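Undergrad: Let's see this in three dimensions:
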Amino acid sequence: MPTPPRVLFAAAEAQPLVKTGGLGDVCGSLPGALRRAGVDARLILPAYPAAIAGLPDLRTVAALRVAGHHGPVTIRLGRLGGVPVYLVDAPEAFDRPGGPYADFSGRDWADNARRFATFARAVVRVALGRADVAWRADVVHAHDWHTGLVPALLAREPRRPATVFTIHNLAYQGLFEQGALGELGLPRDLWSLDGLEFHGRLSFMKGGLAFADRVTAVSPTYAVEICTPQAGCGLDGLLRHRRERLAGILNGIDVDAWDPARDPALVRPFDARALEGKAENKRALQRALGLVEDARAPLLAFVGRLVEQKGVDLLLGSLPALLRSQAQVVVHGTGDARLADALRAAQAAAPGRVAAVVGYSEDLAHQVLAGADVCLMPSRFEPCGLVQLYALRYGAVPVVRRTGGLADTVVDPDDAGARRATGFSFREATPDGLLEAVSRALRARATSGWTDLVAEGMRQDHSWARSAREYSRLYGLALGRPAPRTVRAPRAPQAWSRSLRRQVALASA
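TA: Alright, predicted model coming up:
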């Protein structure tokens, strides 16, 4: 029986140390699930102040000089639960207020290329056993553009670990001006069509896609979509070229942190067999947010980033019709100031019917989904999506646009076949498309089958255990072990994806 691989999990964020979105959720949960599956997984992160504060028992394992970085770099080791965590402590790069990528005003840090090049070089040193001499990686699993240089740099090493690169959102590519190549001290031969050059700019994301031994997307449907010009963000040609090395593995969720039966943020716990508590959470949410306390009013919720990708403008466009249906609407998230202002204006125009809570609170996110009848996710594209998985678990029936991971996780009654329905979906990214799906959901809510629909969604297993098994098999592929049948080229599971396959074939011709 082969020895479990030693996997270095490289990411720019991980919950609960630092989180801006789904990337942080995934990288905070998956390493622990991998360890439970027998993989020696270790996490490596930049040493943001919050990460240092969240790991109180850190010890120094190495002091490094890193090319292109003028200050000291210290590698520290601690533990997050049962997962060993390395922090790349480079104060010049990471010890600053604001977020991991931008300042308090939302402007990207001007030195992001240098910051994450420093991080990548430190990851390479740890992976090769040149920092912590007691441990060396067999596989480096890098995530999103912030770590895209890691596979590119490791490809130059004669005795290197295997590399896996995961795309969480292809739209964010880490693009910098050509001069950054020299400023970062990167080898000049990386500036080529087969390397990091992307339309005259330096692309960190392309480094991961071009040089990793295996590439994954965070859902099967998204893995198909990104091979098309419509969703490939200019990188679809490279992805089609590497599609035999591309797989779609669906994200999971932390079912302990998101458990309505044991959630301390809720006024009353509930589960699929005892839904009475959900009604009590709805009343508490209405009261807390200034909505009319009405058990009969459908409560529709949106939780997520306030950006056009998430379809917030579609929600705003459909809002007058939703309010005519006697629905209440709750929106909780942060993002585009223009959209946030429009939501605040909607609340002012319909007091007691609309609540817009701009900002983000983890507890409030739990409370909103526990109180909502329906969760709205009208995303234009969605690599995986986690909110719909949280919503299913908390009995908030998802209404989603049929794209990416939303298509893989929400089963519409019209598409159910032998499967059981769990929500409602629509295809056209328009307010009318969203309204049609919501109308079907509200008609279903008025029937006796609604409770069964809610309970079916709550019974779905979206834990990380399944995903961890898929990644464990993929690590074996990356290390050159025989391919098990369960790991294969990505495919979208629903019939509608055949049109995407035709687009891939046409684009490849």
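Undergrad: Who are the contact partners of the nearest residue to Arg136 once chain neighbours are set aside?
TA: The shortest distance from Arg136 to any non-neighbouring residue, by C-beta to C-beta, 6 or more residues apart in numbering, is to Gly129 (3.3 Å). Just so you know, the C-beta spots here come from the backbone N, C-alpha and C atoms, and that holds for glycine as well. Residues counted as contacts of Gly129 (C-beta atoms under 8 Å, 6 or more residues apart in numbering) are Trp135, Arg136, Ala137.
Undergrad: ok, now how distant is the last one from Ala444?
TA: Noted for Ala137: a distance of 49 Å to Ala444, by C-beta to C-beta, to the nearest Å.
Undergrad: For these two, work out which one has more neighbours and name it.
TA: A direct count of neighbours by other C-beta atoms under 10 Å for Ala137 and Ala444 places Ala137 higher, at 27 against 17.
Undergrad: where along the stretch 1-150 of the chain do the strands fall?
TA: 6-10, 40-46, 59-64, 73-80, 83-89, 139-143 (DSSP state E, counting those that start in this stretch).
Undergrad: Pipe those into TSV and attach mean pLDDT per row.
TA: Converted to TSV, these look like this (pLDDT from 0 to 100):
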stretch	mean pLDDT
strand 6-10	97
strand 40-46	98
strand 59-64	94
strand 73-80	96
strand 83-89	97
strand 139-143	98
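Undergrad: low-confidence ranges in the protein?
TA: Scanning the chain for pLDDT under 70 picks out the ranges 1-2, 417-418, 481-509.
Undergrad: Mind splitting it into its structural domains?
TA: Listed by automatic domain parsing, the domain ranges of the chain are 6-248, 276-459.
Undergrad: Nearest to Ala468, out of the ones you listed?
TA: Smallest distance to Ala468 across the domains of the chain (C-beta to C-beta): 4.0 Å, for domain 6-248.
Undergrad: tell me how far the ends of that closest one are from each other?
TA: 22 Å (C-alpha to C-alpha, to the nearest Å).
Undergrad: And stretch 395-415, by the same measure?
TA: End-to-end distance of stretch 395-415: 20 Å, with C-alpha to C-alpha as the criterion.
Undergrad: Going forward, the N-terminal residue is numbered 749.
TA: Okay, residue one is now 749; in that scheme the one you just asked about reads as stretch 1143-1163.
Undergrad: thinking again about what came up before, which of the strands of the stretch 749-898 of the chain is buried the deepest?
TA: strand 887-891 (a mean of 28; mean count of other C-beta atoms under 10 Å).
Undergrad: helices and strands around it, which ones?
TA: Contact here means 3 or more C-beta pairs under 8 Å, 6 or more residues apart in numbering; DSSP states H and E; on that basis strand 887-891 packs against strand 754-758, helix 770-784, helix 860-875, helix 897-902, strand 910-915, helix 1212-1226.
Undergrad: Rebuild the ones you listed as CSV, extending it with distance to Leu1134.
TA: Conversion of the helices and strands packed on strand 887-891 to CSV gives the following (distance: least, C-beta to C-beta, whole Å):
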stretch, distance to Leu1134
strand 754-758, 18
helix 770-784, 5
helix 860-875, 24
helix 897-902, 24
strand 910-915, 14
helix 1212-1226, 11
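Undergrad: Looking at these, which is nearest to Leu1071?
TA: Among the helices and strands packed on strand 887-891, helix 770-784 sits nearest to Leu1071 (C-beta to C-beta), with 29.7 Å.
Undergrad: Can you give me the buried ones in the closest one?
TA: Neighbour-count burial for helix 770-784 flags 770-783 (criterion: 16 or more other C-beta atoms under 10 Å).
Undergrad: roughly how far out does it sit from the chain middle?
TA: Centre-to-centre, helix 770-784 and its host chain are 11 Å apart (C-alpha atoms, centre = their mean, to the nearest Å).
Undergrad: Equivalent analysis for stretch 1174-1181, please.
TA: Distance, centroid of stretch 1174-1181 to centroid of chain: 23 Å (C-alpha atoms, centre = their mean).
Undergrad: hey, C-alpha coordinates of it in PDB?
TA: Only the C-alpha atoms of stretch 1174-1181 are listed here, as PDB (Å, rounded to 0.1, in the frame of the first residue of the first chain):
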ATOM      1  CA  PHE A1174     -33.000  29.500 -14.700                       C
ATOM      2  CA  ARG A1175     -30.700  30.000 -17.700                       C
ATOM      3  CA  GLU A1176     -31.000  33.600 -19.000                       C
ATOM      4  CA  ALA A1177     -29.100  36.200 -16.900                       C
ATOM      5  CA  THR A1178     -32.000  38.600 -16.900                       C
ATOM      6  CA  PRO A1179     -34.400  39.900 -14.200                       C
ATOM      7  CA  ASP A1180     -37.200  38.100 -16.000                       C
ATOM      8  CA  GLY A1181     -35.300  34.800 -15.800                       C
END
